[in-house]
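Novice: I would like to see how this sequence folds:
(one chain, ligands or ions: 1)
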Amino acid sequence: MIYLDNAATTKVCREASEAACYAMTEVFGNPSSLHRLGIEAEKLVSFSSEIISRALGSQPSEVIFTSGATESSNLAIFGLAENYGRRKKRIVTTSIEHPSVLEPMKKLAERGFELKIVDPDENGEITEEALVSAVDGGTCLISAMLVNNETGYILPIERAFSRIKKLYPDCMTHCDCVQGFMKLPVKAKALSADAISLSGHKIHAPKGIGALWIKKGVRVAPTVFGGGQQGGIRSGTEAVPSIYAFAKAVEALMPTVSERFEHACGIRDYAVKKLSEAGAIINSKSGGSPYILSVSLPCIKSETLLHFLESKDIFVSSGSACSRGKKSGVLRAFGLSDGIIDSTVRISTSPKTSESDIEALAEGFREASKTLVKTSKIRRI
Ligand code: PLP
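Specialist: Presented below is the predicted three-dimensional model:
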């Protein structure tokens, strides 16, 4: 099996699965319980906050565990707007965000906020200048992603957020770092972010676990109310097995961020060469995340190509896995034509991806061009 859909989700690593099993069967207490089993479970949660915060170069008290990045971004956006948006009603985001950011921003617009959405320019870029100039003195929140999940495009968040914070210190900055965390050197301070969303299942932890990093002193209003766990910001018994597994996956990846980045660059460059030779058009810009490559095989619908490759045990995604077959608004925002969007597949690699996987993929593209294009021509006659 050749799995090239790691931006959708990843295989859980051994460290994470063993950690989850340990927390489920050995340290199964409720972290709020006062007895020994509770205290041991609480220690696993504290250890996990410590690991995630170390990866971000921050403090353990700044980490809140959630059910995933969708919840993290919803919590950040609604929670920051509630506390900082009483008088300042402008909110800013980009048109290439994941729905877990775009949808809550649109909800805020329905509730009376003035939403400014920054589009990529004619070169398909979202510049630092475009982000900074979208913010003004009446802006309470900007939310922009670090790495786009459909193309791998990297936004200039560090430079933009740092200028925004200097110009408008009261404007809250939120960054969806799902596709960058543990892949690029993501550090909370360098990002000048007030809140950062993370997801476990993109980095070899189980699904259903994520985190929201909240800068010390920043007030995020809770959206879920109950027992007051995690400082009252996210009530509910902590999902200790998933939290611990998330931390163990991060711990396993931490020493190799730059090594894996180099590997991903080599694989991406090889894929660009081999897939271009096989007739594919490369949609991703150079300089993006090496882990994600958006490509189109002209005249073959993405879904048809996806299933053709699947028949050869090669797994890719059509556009974004989250759009469930809907035409991608993000690819349109990047300026791709309908024909290209219809035939786009996303290849997303892992440290296990090899050059021979890419050769098999390129061969799959070649065969698809021969057989599928021919079939559609015959049908037309
Ligand atoms: N943000 C980005 C950029 C993503 O790629 C995804 C998942 O595809 C999410 C957020 C949502 O993450 P989760 O599945 O943890 O809710």
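Novice: Which parts of this structure are strands?
Specialist: Using DSSP state E, the strands assigned to the chain run over residues 2-3, 63-66, 90-94, 114-118, 139-143, 172-176, 195-199, 210-214, 281-282, 292-296, 314-315, 344-348.
Novice: Quick check: L293 vs P185, distance?
Specialist: With distances taken as Cβ to Cβ, to the nearest Å, L293 is found 21 Å from P185. For glycine as for every other residue, the C-beta is placed from the backbone atoms N, C-alpha and C.
Novice: again with C13
Specialist: For C13, the distance to P185 equals 20 Å [Cβ to Cβ].
Novice: Can you give the contact residues for stretch 50-66?
Specialist: Residues from elsewhere that reach stretch 50-66, judged by Cβ atoms under 8 Å, 6 or more residues apart in numbering: 45-46, 48-49, 72, 75, 181-182, 186-190, 196, 198, 209-216, 230-231, 233-234, 238-239, 243, 246-248, 250-251, 254.
Novice: Show me the subset of those that also lies near the ligand.
Specialist: Contacts with the ligand within the contacts of stretch 50-66, counted by Cβ under 6 Å from any ligand atom: G210.
Novice: Of the contacts of stretch 50-66, select the buried ones using a PyMOL command.
Specialist: A single PyMOL command selects the buried members of the contacts of stretch 50-66 (16 or more other Cβ atoms under 10 Å):
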select buried, resi 45+48+49+72+75+181+182+186+188+196+198+209+210+211+212+213+214+215+230+233+234+238+239+243+246+247+248+250+251
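Novice: quick one: contacts for G85?
Specialist: Contacts of G85 were listed using Cβ under 8 Å, 6+ apart, and they are 91, 108, 113, 140-141.
Novice: how about a cut-off of 10 Å?
Specialist: Contacts of G85 were listed using Cβ atoms under 10 Å, 6 or more residues apart in numbering, and they are 78, 91, 108, 111-113, 139-141, 172.
Novice: from those, which is closest to the ligand?
Specialist: Using Cβ to the nearest ligand atom, the shortest approach to the ligand within these belongs to F78, at 15.3 Å.
Novice: thinking again about what came up before, so for C13 and P185, which sits in the more crowded spot?
Specialist: The residue with more neighbours, out of C13 and P185 and counting by other Cβ atoms under 10 Å, is C13; that gives 17 against 12.
Novice: Might one say that that one is in contact with A252?
Specialist: Yes: applying Cβ atoms under 10 Å, one finds C13 in contact with A252, separated by 5.9 Å.
Novice: what do the two both touch?
Specialist: Counting by Cβ under 10 Å, 6+ apart, the contacts common to C13 and A252 are 19, 203-205.
Novice: who wins for neighbours among those residues?
Specialist: Among the shared contacts of C13 and A252, A205 has the most neighbours (other Cβ under 10 Å), with 32 neighbours.
Novice: so who does that one touch?
Specialist: By Cβ under 10 Å, 6+ apart, A205 lies in contact with 10, 12-13, 15-17, 19-20, 182, 198-199, 242-250, 252-253.
Novice: can you check K285 too?
Specialist: When contacts are counted by Cβ under 10 Å, 6+ apart, K285 touches 123-125, 151-154, 294, 334.
Novice: Please enumerate the helices of the stretch 101-250 of the chain.
Specialist: Using DSSP state H, counting those that start in this stretch, the helices assigned to the stretch 101-250 of the chain run over residues 128-134, 157-167, 188-191, 240-253.
Novice: just the ones you listed: most buried one?
Specialist: Among those, helix 240-253 has the highest mean neighbour count (mean count of other Cβ atoms under 10 Å), at a mean of 26.
Novice: Can you work out which other helices and strands pack against that helix?
Specialist: Packed against helix 240-253 by the contact rule (3 or more Cβ pairs under 10 Å, 6 or more residues apart in numbering; DSSP states H and E) you find helix 14-25, helix 36-56, strand 63-66, strand 195-199, strand 210-214.
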